[in-house]
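Engineer: Based on what follows, work out the 3D shape:
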Amino acid sequence: MVPIAFRDEFVLPAIEFWREQPNQPVRAACAISQIDILAEVVAIDQSGGQLPRGGAGPFRDDLGQREPALARIRDAHDSHKHGHLSRRSATEISEGQRAYRSAGTAVFLGRGVHRSRFFGRTSTAILHDNGEPIDIGTLIREAMEAWDRELHRLGYLPPAE
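Structural biologist: Take a look at the predicted model:
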């Protein structure tokens, strides 16, 4: 499958699936996985379909150097799938983290504990190795912006005007 067809048939629908209920970790994992799998599809296409099993590693390492957002997506997907990552190119999400439901912006109304009410937006996040949460929406947006640049660079998309 060519990369643009894969993006259109799997990546974009997975992101839309997540956006319908962004508080569901399974939907976040689905979107992250499809975004990351696109790297394998591109690597296979770039090799003319002759990529040996496991041969996408060098392509993916170079891709992550050019586009750190895609390195984070790779780590998030692999950490979810494998747990602790031992590969040297693992960067910020390597301890077996998985997406989780998180409280978004909180607003407290009223005075004192007894009169306060919590109104917030629930979303999904994944923990950075340093313990800080990374919002899944930000992770996805940055990864797709990186894919747009990369797909243009490789000639899969026409030059941006």
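
Engineer: Which parts of the protein are helices?
Structural biologist: Listed in chain order, the helices of the chain (DSSP state H) span 3-6, 12-20, 25-46, 57-66, 68-82, 112-115, 136-153.

Engineer: Which of those sits closest to Pro159?
Structural biologist: helix 136-153 (6.4 Å; C-beta to C-beta). Bear in mind the C-beta positions are built from the backbone N, C-alpha and C, glycine included.

Engineer: Please name every helix or strand in contact with that closest one.
Structural biologist: helix 12-20, helix 25-46, helix 68-82, strand 117-127 (3 or more C-beta pairs under 8 Å, 6 or more residues apart in numbering; DSSP states H and E).

Engineer: So which bits of the shortest one are buried?
Structural biologist: This points to helix 12-20. Within helix 12-20, the residues scored as buried using 16 or more other C-beta atoms under 10 Å are Ala14, Ile15, Phe17, Trp18.

Engineer: What is the least confident helix or strand in the protein?
Structural biologist: Sorting the helices and strands of the chain by mean pLDDT, DSSP states H and E puts helix 112-115 at the bottom, at a mean of 29.

Engineer: number of nearby residues for the closest residue in space to Val2 that isn't next to it in sequence?
Structural biologist: Closest residue to Val2 apart from its sequence neighbours, by C-beta to C-beta, 6 or more residues apart in numbering: Asp45 at 6.1 Å. Using other C-beta atoms under 10 Å, Asp45 is surrounded by 17 other residues.

Engineer: Asp45 and Pro22, how far apart?
Structural biologist: Noted for Asp45: a distance of 31 Å to Pro22, by C-beta to C-beta, to the nearest Å.

Engineer: Quick check: which ranges of the chain have low pLDDT?
Structural biologist: Regions of the chain meeting the criterion pLDDT under 70 cover residues 80-134, 160-161.

Engineer: 50 instead, please
Structural biologist: 85, 87, 90, 94, 96, 98, 100, 102-122 (pLDDT under 50).

Engineer: which one is Glu67 nearest to, not counting chain neighbours?
Structural biologist: Ala146 (3.8 Å).

Engineer: so which of the helices and strands packed on helix 136-153 comes closest to Tyr156?
Structural biologist: Nearest to Tyr156, of the helices and strands packed on helix 136-153 and by C-beta to C-beta, is helix 25-46 at 7.8 Å.
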